[in-house]
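# one predicted model, sequence on top.
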Amino acid sequence: MLVAMSLVVGGNAGAKELKADSEKTQITWLGKKVTGQHNGTVELKSGTMSVEDNAIVSGKFVIDMTSLKDVDITDAETNGKLIGHLKSDDFFSVEKYPEATLVFTEKAGFNGNQAHVKGDLTVKGITNPVEFDVTKEENVYTTNITVNRAKYNIRYGSKSFFNDLGDKVIYDNFEMGVKLVMQD
């Protein structure tokens, strides 16, 4: 389950401004439950990032939650039901919250090709801190982010909110994989 996100950091006059290539950028999600898992994609709506002195100093990325797709269910009807449910108020309330945002809260310097990023992720209008490592190879930045959906009031099937779910439990943590392609 991927979340729409926007990444923002304060600007810096000497920094190099980069723009995300939304066509080449790839964002995936993976959600697990007791009886299995589902995975899919979501699209980058727009993005910019500033880098200076081997560090990320600012940026803003917006993910379009309305583009949420599942890739593991081949039956069109079943796939449509899952995506409809994920977009509903039981999960991401996409009609009300078509985007999610990630705001960097501090400069992230690279040690070799890795940087540790701290930020605030907003999903469904709720903001919580997140941390993750970013790997840079030329103009491509990759990361995996673990998100605890319970922190964003996404309650459906969560044992954080409900008892006696048995094998109907959907785990709170979901994974987002990001391959961000930037250009001058």
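In hand now; what should we look at?

# name the next helix or strand downstream of the worst-scoring helix or strand of the chain on mean pLDDT, please.
Within the chain, no helix or strand scores below strand 7-8, which has a mean of 41 by mean pLDDT, DSSP states H and E. Per DSSP states H and E, the first helix or strand lying C-terminal to strand 7-8 is strand 16-20.

# which strands border that following strand, and is each parallel or antiparallel?
Taking DSSP bridges as the criterion, strand 16-20 forms sheet pairs with strand 36-52 (antiparallel), strand 170-183 (antiparallel).

# can you flag the weakest of the ones you listed by average pLDDT?
Confidence, taken as mean pLDDT, is least for strand 36-52 of the strands paired with strand 16-20 (a mean of 92).

# how are the helices of the chain distributed by residue range?
Counting by DSSP state H, the chain has helices at residues 76-87.

# can you report phi and psi for the residue of it most remote from its centre?
Taking C-alpha atoms, centre = their mean, the residue of the chain most remote from its mean C-alpha position is residue 164, at 29.6 Å. Note on residue 164: backbone dihedrals following degrees, to the nearest 10 are phi 60, psi 40.

# adjust the sequence numbering to begin at 312 for everything that follows.
Renumbered: residue one is now 312, and that last one reads residue 475.
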